[in-house]
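**Q** just need the structure, nothing else, for what follows:
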Amino acid sequence: MNLKYSVGLDVSSKKIDACISVIDQRQRVIVKSSKKILNTKKGFEDLIVWILKHQKDSIPVVICMEATGIYHENCAYFLYEKGFTVSIILPNKAKKYLDCLGLKSKNDSIDAKGLSQMGAEQCLEAWEPMGVFFYELRLLTRQRQNLTELKTIIKNQLDALSHAMHQLASVTAQLKENISLFELQIKELDKAILEHISSDKEVLEKVENICTIKGLGILTTAVILAETNGFTLFNNYKQVVSYAGFDVVEAQSGTRVGKTKISKRGNSRIRRALYMPALVVIQCEVQQFKDLYDRTYKKHGIKMKSYVAVQKKLLTMIYYLWNKNEAYDPNYKVKFQEEEQELYSLFAFEKGIKSSPNKIEATQGKLPVNDHSVLPLC
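**A** Predicted coordinates for the structure are as follows:
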């Protein structure tokens, strides 16, 4: 007796490789058919006809696809609106599962078959589309980050050119024009983000409550809300912490005790957005965060660990204030007992990271930490 049909979709910009499998009571996964369709609305309609052709009786069907930038979105939305259960898998998770199957070759049809088997064998979490408001907000915040990174690249090129043996005025002028253009576009995006948030009174009220934390601005809050879909699918703060990659992972086996550190397996944009606010709340001596910083720094003597602990605390506080729709009260202590226990044993980073300001900036990758226009200070 068959238990479930599973359709694996390997999505690219032009086409989609599809494979439908079925799992029976003996947990055997049998491939029924494979097909290639266009990544267009007409192709999606052909896909549904093909699925219904192979579906027998009233056995449920699940759709399993890999997140591929934005190329999978139209297909996922179309199938969701037609009533199908859709699961979107992170690429690293899908890759590790395919590796476990022992597949030596890799192509689109093999990936579709592997995703089909994965959907049949596992009970994957059902995907729900992001709301239009937060989807548009995410487009704005990510475009702002892209422009900020491009501006930083051009500024570095201009600085390097100023030390060159031979310089060309036309090249220098072009670089300066590019920087001016990026700065203008960033200001326009800042205005657009503010107008977008202000267009929803409920969202605006909650954002204003969150921004009562001295050191947190609208841009930081907008990034976090955009990347989490307004915390819609999160049931508790632990899920939010894990989604951002702040969850603590251990490496211990038998008598061997490895390093304990944050996983960083999550949304890096959230961690990047919280870096500057963590510095500012300590600089402004916001009591709850300053106490956490002092307590953890006294324990291990490494500033960067304590700053990350503050970032995590900021994220949980934003989640709390958003759900409660309350302004920040510095005299009220939110009791996250389990979180505090984690913070005490927190974040054994790689050796060699020093606590000097230059080293801290160097660890932030693409974040332009010297650009104070990114986030407002106190």
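**Q** quick one: low-confidence ranges for the stretch 51-200 of the chain?
**A** Within the stretch 51-200 of the chain, no stretch has pLDDT under 70.
**Q** mind listing what the residue nearest to Gly131 when sequence neighbours are not counted touches?
**A** Setting aside the residues directly before and after it, Gly131 is nearest to Asn229 in space (Cβ to Cβ, 6 or more residues apart in numbering), at 6.5 Å. (Each C-beta comes from the backbone N, C-alpha and C, glycine too.) Residues touching Asn229, when contacts are defined by Cβ atoms under 8 Å, 6 or more residues apart in numbering, comprise 130-131, 134.
**Q** most neighbours among those, which one is it?
**A** Compared across the contacts of Asn229, Phe134 has the highest neighbour count, 21 neighbours, by other Cβ atoms under 10 Å.
**Q** quick check: that residue is in a helix.
**A** Yes: secondary structure assignment (DSSP: H, G, I helix; E, B strand; the rest coil) places Phe134 inside a helix.
**Q** doesn't Ile224 make contact with it?
**A** No: contact status for Phe134 versus Ile224: not in contact, 10.8 Å apart, counting by Cβ atoms under 8 Å.
**Q** mind listing the strands for this protein?
**A** All strands of the chain, identified by DSSP state E, fall at 2-11, 15-24, 29-38, 61-66, 85-89, 248-249, 252-253, 256-257, 261-262.
**Q** elements contacting the first one?
**A** Judged by 3 or more Cβ pairs under 8 Å, 6 or more residues apart in numbering; DSSP states H and E, the packing partners of strand 2-11 are strand 15-24, helix 41-54, strand 61-66, helix 108-121.
**Q** could those be laid out in TSV, adding distance to Cys284?
**A** As requested, the helices and strands packed on strand 2-11 are exported to TSV (distance: least, Cβ to Cβ, whole Å):
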stretch	distance to Cys284
strand 15-24	51
helix 41-54	52
strand 61-66	43
helix 108-121	48
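**Q** for Leu175, find the nearest of those.
**A** Of all these, strand 61-66 sits nearest to Leu175, with 38.7 Å by Cβ to Cβ.
**Q** report the inter-axis angle for that closest one versus helix 108-121.
**A** An angle of 130 degrees separates the directions of strand 61-66 and helix 108-121 when computed by axes from the mean of the first three to the mean of the last three Cα atoms, to 10 degrees.
**Q** quick one: list the elements packing against strand 61-66.
**A** Counting contacts by 3+ Cβ pairs under 8 Å, 6+ apart, strand 61-66 packs against strand 2-11, helix 73-81, strand 85-89, helix 108-121.
**Q** so which of those gets nearest Lys41?
**A** helix 73-81 (7.0 Å).
**Q** next, the angle from that closest one to strand 85-89.
**A** Interaxial angle of helix 73-81 relative to strand 85-89 (the same axes, to 10 degrees): 150 degrees.
**Q** check which residues of helix 73-81 are buried.
**A** Residues of helix 73-81 classed as buried by neighbour count (16 or more other Cβ atoms under 10 Å): 73, 75-76, 78-80.
**Q** what is the nearest of these to Lys53?
**A** The closest of the buried residues of helix 73-81, once distances to Lys53 are taken by Cβ to Cβ, is Leu79, at 15.7 Å.
**Q** if I pick that closest one, what's in contact with it?
**A** With contact set as Cβ under 8 Å, 6+ apart, Leu79 has these partners: 44, 47-48, 63, 86.
**Q** now with 6 Å, please.
**A** 63, 86 (Cβ atoms under 6 Å, 6 or more residues apart in numbering).
**Q** distance to Gln239 added to the helices and strands packed on strand 61-66, as CSV?
**A** As requested, those are arranged in CSV below (distance: least, Cβ to Cβ, whole Å):
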stretch, distance to Gln239
strand 2-11, 26
helix 73-81, 21
strand 85-89, 17
helix 108-121, 22
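**Q** these: which one's closest to Leu98?
**A** Counting by Cβ to Cβ, Leu98 lies closest to helix 108-121 out of the helices and strands packed on strand 61-66; the figure is 4.4 Å.
**Q** can you report phi and psi for the residue most central in space within the chain?
**A** The centre of the chain sits closest to Asn267, judged by Cα atoms, centre = their mean, with a distance of 2.5 Å. Phi and psi for Asn267, reported as degrees, to the nearest 10, are phi -80, psi 110.
**Q** and the pLDDT for it?
**A** Note for Asn267: predicted pLDDT of 89.
**Q** residues in contact with it?
**A** For Asn267, the contacting residues are 227, 243-244, by Cβ under 6 Å, 6+ apart.
**Q** can I see the domain layout of this structure?
**A** Under the assignment automatic domain parsing, the domains of the chain span 2-121, 201-362.
**Q** neighbours around the spatially closest residue to Leu90 that is not a sequence neighbour, how many?
**A** Nearest non-adjacent residue to Leu90, counting by Cβ to Cβ, 6+ apart: Ala67, 5.9 Å away. For Ala67, the number of neighbouring residues by other Cβ under 10 Å comes to 17.
**Q** I'd guessed Ala67 sits against Ile88; true?
**A** Yes: shown here, Ala67 and Ile88 form a contact pair, counting by Cβ atoms under 6 Å, at 5.2 Å.
**Q** most neighbours of all the contacts of Asn267, which one?
**A** The residue in the contacts of Asn267 with the most neighbours, by other Cβ under 10 Å, is Ala244 (27 neighbours).
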